[in-house]
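In: Predicted structure and sequence below. I'll ask about it afterward.
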Amino acid sequence: MASEVSDWISLAALAASFIAYLEAKKANQTGEAVAALTEVITASDKTQTYLQARAEGIERNRATEWQLAEHWSRAAFLISRVNKDLSVRLSAKSEFWRNPDTWETDLRAHRDISLSSVTRDARRLMESYG
């Protein structure tokens with residue numbers, strides 16, 4: 001009888017440890033997801049700022065466009081563990097900013113890489129982690 005109680009106590013301790021492990025793993029994954037989504041929002045904000053400046057007459061700046069490409073590439077990498085589809089689209093967005101002259105409007109629409117679309121999807125994902 002004493003060994004049965006001991007076995008049940010050991011089993012309960014093991015179950016509690018496993019639950020704690022799962023909760024810690026989920027919290028870590030949530031933290032990674034939020035960090036990745038934050039990077040997407042940052043890339044979006046920087047892109048919006050650049051596009052607004054261009055709309056106000058500031059000349060095209062290839063160095064800024066390359067920086068935007070780097071931001072979108074980093075965002076694509078970080079989000080790849082959270083949402084593969086969004087990662088592929090962000091990678092295409094990075095390619096676009098590396099050489100925007102080679103992209104046609106139809107191709108951008110087909111790849112669904114509009115700033116509003118990727119930002120909306122990132123914010124929707126962010127809400128699911130909030």
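Out: In hand now; what should we look at?
In: Tell me the helices and strands packed up against the helix or strand encompassing residue 126.
Out: Assigned by DSSP states H and E, residue 126 belongs to helix 115-129. Counting contacts by 3 or more Cβ pairs under 8 Å, 6 or more residues apart in numbering; DSSP states H and E, helix 115-129 packs against helix 2-55, helix 84-98. Every residue, glycine included, has its C-beta placed from N, CA and C.
In: one more time with 6 Å
Out: Secondary-structure packing of helix 115-129 (3 or more Cβ pairs under 6 Å, 6 or more residues apart in numbering; DSSP states H and E): helix 2-55.
In: Tell me how far the helix or strand that the helix it packs on is followed by lies from the chain's centre.
Out: Sequence order places helix 62-79 as the next helix or strand after helix 2-55, per DSSP H and E. Chain-centre distance of helix 62-79: 12 Å, with Cα atoms, centre = their mean, to the nearest Å.
In: for stretch 68-85, same thing?
Out: 6 Å.
In: since we're on residue 85, how many residues are nearby?
Out: Neighbour count for residue 85, taken as other Cβ atoms under 10 Å: 10.
In: Check the gap between residue 59 and residue 65 for me.
Out: According to Cβ to Cβ, to the nearest Å, residue 59 stands 12 Å off from residue 65.
In: So for these two, which sits in the more crowded spot?
Out: Ranked by neighbour count (other Cβ under 10 Å), residue 59 and residue 65 place residue 65 first, with 17 against 6.
In: residues contacting that one?
Out: Neighbour list for residue 65: residue 97 [criterion: Cβ atoms under 6 Å, 6 or more residues apart in numbering].
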